[in-house]
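*Asks:* The sequence and its predicted three-dimensional model are supplied below.
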Number of protein chains: 2
Amino acid sequence: MKTYQPRLLQDDLYSIPIDEFFKSAFSVDCVIFGYHECELKILLIQRGTEPYENYWALPGDLVYPNEDLDTAASRILNDLTTLTNIPIKQVKTFGKVDRHPLGRVITIAYLALVEPADLAPHASSWASQTQWHSMNDIPQLAFDHREILDVSLEELKTRILQEDIWHRVLPEKFTLTQFQEVFETILGKAFDKGNFRKKVVKYKFLRKLAEAQTNVSHRPSLLYTFDANRFQEMKANGFSFDF
Amino acid sequence: MKTYQPRLLQDDLYSIPIDEFFKSAFSVDCVIFGYHECELKILLIQRGTEPYENYWALPGDLVYPNEDLDTAASRILNDLTTLTNIPIKQVKTFGKVDRHPLGRVITIAYLALVEPADLAPHASSWASQTQWHSMNDIPQLAFDHREILDVSLEELKTRILQEDIWHRVLPEKFTLTQFQEVFETILGKAFDKGNFRKKVVKYKFLRKLAEAQTNVSHRPSLLYTFDANRFQEMKANGFSFDF
DNA sequence: ACAGTAATTGTAAATTATACAAAAAGCTTT
DNA sequence: AAAGCTTTTTGTATAATTTACAATTACTGT
């Protein structure tokens, strides 16, 4: 039988039949955060089968033998939300030996931030249900999903400063207050309104429109749009918010 | 035969025997950067077997069935350098379907920064040789290792600002100029000496000693040590250099 | 018209960054 | 021993940015 000779070791102590190495699987777990009106949520499914039956869990699936990892992540997100073209990016791989009761399964976590209102209401024609949970009230989770969620939240805090993922959770035309609220909610801290506004306006990728809010019982706010091109240019030069 | 029913799909189109999923393997590739006197290097091995025989490659190995990912990374680093207790952290997982000619193998990249002089000279009792290469002169690499290296270099630039990995490439007692050179080399840009010094001194985790350099043909520099406790405290509060 | 509310603009003080220049402390050369 | 060379170390004047507020504005509802 052909054996796998570890390339880095000098003796034969650890010779293991190569087949033993090709008995693993990997899954992708999607950490799908939702933001709506100052609340951060997380999309969870309730498992319909063992192991961890009835537990809440991050939506995930095994990766098909001929499927790229990134493709698998997009597929799962799409199956679950019907959303397409959502940027979804790798966070980290979790690979403890005993993390999965059924065998050696490592999982690659992916992260996305979406607007919950964009989701097609998902009739659960299969056993497990899908539900948004507030980040302030997370049930016990299956596997090591709590750890994955914690790590991903930290990653979200980093990404929101570097990428334009906040764009997806705001309407096409938005106020600077709405913009500020996204950052306050996700980063978990408040900013001085006047100073925050001056800081972001000077970057020039938020473009002031001629329109204003209507039907608000106070001074109406001017509306802004996002100039994605300008942002990409700045990102290419290493731009990042320093909140 | 038992089949794996993808949890997220509503029909049976994709039912695949579950065995098909457990035919993958994963490897760990170590991106070991070395810094010495204003030069950044990378540790490569020359492969002694197919595929990619004779190509230079990042040192890596398949992960044993009962081995944690982090453990595998430390093992490989230790086999190669005899170094222990080096912090080595995950960068990213690379999982294109066709990245490995022998089957479905995804690889998890890990990163470390070490002082080349610390390495026990490694008699190559096995076919492939191990060698430091300047980052300015990288040969063609096996698999997708060039991409892995590029991503890891970017990650190194981020980590050097947030973690104390620079500590390992400096002697116990070092000058502020040496300290500055590490950052200049890795980030690839120069800083004003006076201003750089003032900025880092005010953080208080570099402690001035009563000693100075000797036998230098110019004003001798005062020596500093690193106060790791103070740094950890600051890191816990979100500290990061803003060079 | 007036009160209530949040948006927007303004500003003074404090802090930090930047670009240099000057002084200091060794060795080396004359 | 003095003068020169080199790099460290400290200083400084200016510009730029941050911060904490205050003042003003523009709507709705009474």
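*Replies:* Cool, got the structure.
*Asks:* how does chain A divide up, domain by domain?
*Replies:* For chain A, automatic domain parsing gives the domain ranges A:17-162, A:170-236.
*Asks:* worst average pLDDT in those domains?
*Replies:* Ranked by mean pLDDT, those end with domain A:17-162 at the bottom, a mean of 88.
*Asks:* Could you see whether DNA strand D lies near it?
*Replies:* No: applying C-beta under 7 Å from any atom of the strand, one finds domain A:17-162 separated from DNA strand D by no less than 13.4 Å. Backbone N, C-alpha and C define where each C-beta goes, glycine included.
*Asks:* State the helix or strand in which the closest residue in space to A:Ser152 that isn't next to it in sequence lies.
*Replies:* Excluding its sequence neighbours, the residue lying closest to A:Ser152 (C-beta to C-beta, 6 or more residues apart in numbering or on different chains) is A:Val31, at 4.0 Å. Assigning secondary structure by DSSP states H and E places A:Val31 in strand A:25-36.
*Asks:* cool, and A:Lys41?
*Replies:* strand A:39-46.
*Asks:* all helices of chain A, in order?
*Replies:* For chain A, the helices defined by DSSP state H occupy A:69-81, A:145-162, A:176-187, A:193-201, A:228-236.
*Asks:* can you give me phi and psi for the spatially closest residue to A:Arg99 that is not a sequence neighbour?
*Replies:* Of all residues not flanking A:Arg99 in the chain, A:Asp144 sits nearest, at 5.1 Å (C-beta to C-beta, 6+ apart). Backbone torsions for A:Asp144, taken as degrees, to the nearest 10, come to phi -100, psi 30.
*Asks:* Please tell me I have it right and A:Asp144 contacts A:Pro101.
*Replies:* No: taking contacts as C-beta atoms under 8 Å, A:Asp144 lies outside contact range of A:Pro101: 11.8 Å.
*Asks:* Quick one: end-to-end length of stretch A:48-67, please.
*Replies:* 25 Å (C-alpha to C-alpha, to the nearest Å).
*Asks:* Say whether chain B is contacted by it.
*Replies:* Yes: Stretch A:48-67 lies within reach of chain B by C-beta under 8 Å from any C-beta of the partner chain, at A:48-49, A:59, A:61-67.
*Asks:* among these, who's most crowded?
*Replies:* Of all these, A:Val63 has the most neighbours under the rule other C-beta atoms under 10 Å in any protein chain shown, reaching 26 neighbours.
*Asks:* Identify the residues contacting the residue nearest to that residue when sequence neighbours are not counted.
*Replies:* Sequence neighbours aside, A:Ala72 is the residue nearest to A:Val63 in space, at 4.4 Å (criterion: C-beta to C-beta, 6+ apart). Residues in contact with A:Ala72, defined by C-beta atoms under 8 Å, 6 or more residues apart in numbering or on different chains, are A:28, A:61, A:63-64.
*Asks:* nearest to chain B, of these?
*Replies:* Among the contacts of A:Ala72, A:Asp61 lies closest to chain B (C-beta to the nearest C-beta), at 5.5 Å.
*Asks:* Surely the closest one touches A:Ser27?
*Replies:* Yes: assessed by C-beta under 8 Å, A:Asp61 is found in contact with A:Ser27 at 6.2 Å.
*Asks:* which parts of stretch A:29-38 are buried?
*Replies:* Within stretch A:29-38, the residues scored as buried using 16 or more other C-beta atoms under 10 Å in any protein chain shown are A:29-35.
*Asks:* State the distance from the closest residue to A:Gly60 other than its chain neighbours to A:Trp132.
*Replies:* With sequence-adjacent residues excluded and distances taken as C-beta to C-beta, 6+ apart, A:Gly60 is closest to A:Asp29, at 3.6 Å. A:Asp29 sits 17 Å away from A:Trp132, taking C-beta to C-beta, to the nearest Å as the criterion.
*Asks:* any idea which of the helices of chain A is most buried?
*Replies:* Ranked by mean neighbour count, those are led by helix A:69-81 with a mean of 20 (mean count of other C-beta atoms under 10 Å in any protein chain shown).
*Asks:* angle of it against strand A:39-46?
*Replies:* Angle of helix A:69-81 versus strand A:39-46, following axes from the mean of the first three to the mean of the last three C-alpha atoms, to 10 degrees, is 90 degrees.
*Asks:* quick one: helix A:69-81 to chain centroid distance?
*Replies:* Averaged C-alpha coordinates place helix A:69-81 at 12 Å from its chain's average position (C-alpha atoms, centre = their mean, to the nearest Å).
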